[in-house]
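>>> test case, fold it:
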Amino acid sequence: MLKKSKLKILNKSDNPNPSYKTEGAAGFDIAASEDITITACSAGLVPTGLHFIVEPGYEAQLRLRSSLYASGAIMPNAPGTIDSDYRGEIKIPIRNVKPYQNIHFNKGDRIAQVVIQRIPWVDLEFVDEDTFNTSEFETTRGTGGFGSTGV
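Got it, this is the predicted structure:
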């Protein structure tokens, strides 16, 4: 049996408590806690009224619900990370990419989903340039960036 992590949630909204909708769901949906409009070609934060206590060693990832794609909503920096030491309100960043159409969310509309992930911490080892450039650490990609592995 899998060990479950615990996520403590303070719900200051009038919305029902979030829950997983199916047994196979990777995340649970969270909803807007108030009516909000994101005007054309602008961005805003959708409040949820939720506050999390994420266990150390885990993060809560915010992901926009896929059904919102057609509305012109995108979530910058997706997935968003909620760190284990953050206690503020969870707000969902939304960018409206439609040039002439506002996006309106009603209180209670499910906007995003939250996925809990284990986060390994690593020891940071700082090296000099000579060590960094040794053949031991060489790769075929090297410094190739965006598009360097083909289309």
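
>>> separation between the nearest residue to residue 15 once chain neighbours are set aside and residue 128?
Among residues not flanking residue 15 along the chain, residue 31 sits closest, at 4.9 Å (C-beta to C-beta, 6 or more residues apart in numbering). The way it works is simple: take the backbone N, C-alpha and C, and place the C-beta from them, glycine included. As defined by C-beta to C-beta, to the nearest Å, residue 31 lies at a distance of 51 Å from residue 128.

>>> tell me which of the two has more neighbours.
The residue with more neighbours, out of residue 31 and residue 128, is residue 31; 21 against 7, by other C-beta atoms under 10 Å.

>>> got the confidence number for the more buried one?
pLDDT for residue 31: 98.

>>> hey, what's it bridged with?
Taking DSSP bridges as the rule, residue 31 bridges to residue 110.

>>> start the count at 49, not 1, going forward
Shifting the count to begin at 49 puts that one at residue 79.

>>> in this model residue 157 seems to touch it, though I could be wrong.
Yes. Using C-beta atoms under 8 Å, residue 79 is in contact with residue 157, at 5.9 Å.

>>> alpha carbons of the lengthiest strand in the chain, as PDB, please.
Counting by DSSP state E, the longest strand found in the chain is strand 91-102. Presented in PDB, the C-alpha positions along strand 91-102 are these (Å, rounded to 0.1, in the frame of the first residue of the first chain):
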ATOM      1  CA  ALA A  91      -3.500  38.700 -16.300                       C
ATOM      2  CA  GLY A  92      -4.900  38.300 -12.800                       C
ATOM      3  CA  LEU A  93      -5.000  36.200  -9.700                       C
ATOM      4  CA  VAL A  94      -8.100  34.200  -9.000                       C
ATOM      5  CA  PRO A  95      -8.600  33.900  -5.200                       C
ATOM      6  CA  THR A  96      -9.600  30.500  -3.700                       C
ATOM      7  CA  GLY A  97      -9.900  31.200   0.000                       C
ATOM      8  CA  LEU A  98      -7.700  28.100   0.600                       C
ATOM      9  CA  HIS A  99      -4.600  27.900   2.700                       C
ATOM     10  CA  PHE A 100      -2.400  24.800   2.700                       C
ATOM     11  CA  ILE A 101       0.000  23.200   5.100                       C
ATOM     12  CA  VAL A 102       2.200  21.000   2.900                       C
END
